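Enquirer: after the sequence you'll find the predicted model.
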Amino acid sequence: MIQFQQVSKRYPGGIDAVKQLSFEIRSGELVFLAGHSGAGKSTLLKLIAGIERPTSGAVLVNHQNVSRLSRKALPYVRRHIGLIFQDHKILFDRSVFDNVRLPLDIIGFSGPEVRRRVLAALDKVGLAGKESLNPIALSGGEQQRLCIARAVVHRPAILLADEPTANLDRDYAHDILELFKSFHQVGVTLVIAAHDESLMADYGRRILRLKHGEFTA
Ligand SMILES: Nc1ncnc2c1ncn2[C@@H]1O[C@H](COP(=O)(O)OP(=O)(O)OP(=O)(O)O)[C@@H](O)[C@H]1O
């Protein structure tokens, strides 16, 4: 489902964020991405989503070479991907409902289907009944759940999460990982980046470890 072929990414300024990476993630897999700050985890996720383009090599998602797609074609690939990124901010001038509906608006959903899907996503993450609130009224953990609801509302086949448990206490972090596990159980392919490897230990899944842009054992 996701394939990297000799992928390198050099940012302007000369930093090689990932170097010659080759790997494959099969449909329905749950994979953790571990590594120190600056190891290249976010870059790898952005390459999958087509947010960044590789300097060399190919990134294939569903057999499509996302590194070669035109800017116009990218939204069609993104429809199949849910993103939980730290720089995807919550909009505090809108309700919880309106925050979660954003991906549906972009795809072009309208009518009762929007309400049905948004309420189902909020229910899934444990925020049922909070749709009319302003997100400011939610706790930090609840705001993270809002971001997860927003990432899954269009039912993507692939979910990419960058440090989704950062700033959460351990119990709450495990709750969030359990939520991801439930998406995994219904067949979603998940790639979860986190620097705290101890959190991943309980899940017994495949771990890709990055160090300065390269895989380590
Ligand atoms: N847009 C950019 N322009 C220039 N350099 C960048 C850019 N984004 C990331 N980098 C650099 O690329 C390297 C890898 O960064 P990346 O954010 O992928 O690492 P990370 O493992 O996700 O780190 P963190 O856990 O701190 O988010 C770092 O040296 C970073 O400074």
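Expert: All right, it came through fine. From a predicted model like this one, the values you see are computed outputs, not experimental measurements. Residues are numbered from 1 along each chain as shown.
Enquirer: got a list of what Val152 touches?
Expert: By C-beta atoms under 8 Å, 6 or more residues apart in numbering, the residues touching Val152 are 82, 121, 124-125, 159, 183, 188. Any C-beta I mention is one placed from the backbone N, CA and C, and that applies to glycine too.
Enquirer: what do you get for Ala121?
Expert: Going by C-beta under 8 Å, 6+ apart, Ala121 touches 100, 149-150, 152-153.
Enquirer: nearest to the ligand, of the contacts of Val152?
Expert: Relative to the ligand, the closest of these is Leu159; by C-beta to the nearest ligand atom it sits at 17.0 Å.
Enquirer: tell me the contacts of the residue nearest to that closest one when sequence neighbours are not counted?
Expert: Leaving aside its sequence neighbours, Leu159 sits nearest to Gly82 (C-beta to C-beta, 6 or more residues apart in numbering; 4.5 Å). By C-beta under 8 Å, 6+ apart, the residues touching Gly82 are 103, 151-152, 154, 156, 158-160.
Enquirer: let's go with 6 Å and repeat that
Expert: Going by C-beta atoms under 6 Å, 6 or more residues apart in numbering, Gly82 touches 151-152, 156, 159.
Enquirer: returning to that earlier point: keep only those of the contacts of Val152 that are in strands.
Expert: Among the contacts of Val152, DSSP state E puts 82, 159 in strands.
Enquirer: next, the buried residues of the lowest-mean-pLDDT helix or strand in the chain.
Expert: Sorting the helices and strands of the chain by mean pLDDT, DSSP states H and E puts helix 74-78 at the bottom, at a mean of 80. For helix 74-78, the neighbour count (16 or more other C-beta atoms under 10 Å) marks 77-78 as buried.
Enquirer: which residues are contacting that helix?
Expert: Contacts for helix 74-78 (C-beta under 6 Å, 6+ apart): 50, 66.
Enquirer: just the CA atoms of it, as PDB, please.
Expert: Taking Å, rounded to 0.1, in the frame of the first residue of the first chain, the C-alpha atoms of helix 74-78 are listed here in PDB:
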ATOM      1  CA  LEU A  74      -2.700  15.300  -5.200                       C
ATOM      2  CA  PRO A  75      -6.100  16.000  -3.500                       C
ATOM      3  CA  TYR A  76      -7.400  12.700  -5.000                       C
ATOM      4  CA  VAL A  77      -4.700  10.800  -3.200                       C
ATOM      5  CA  ARG A  78      -5.300  12.800   0.000                       C
END
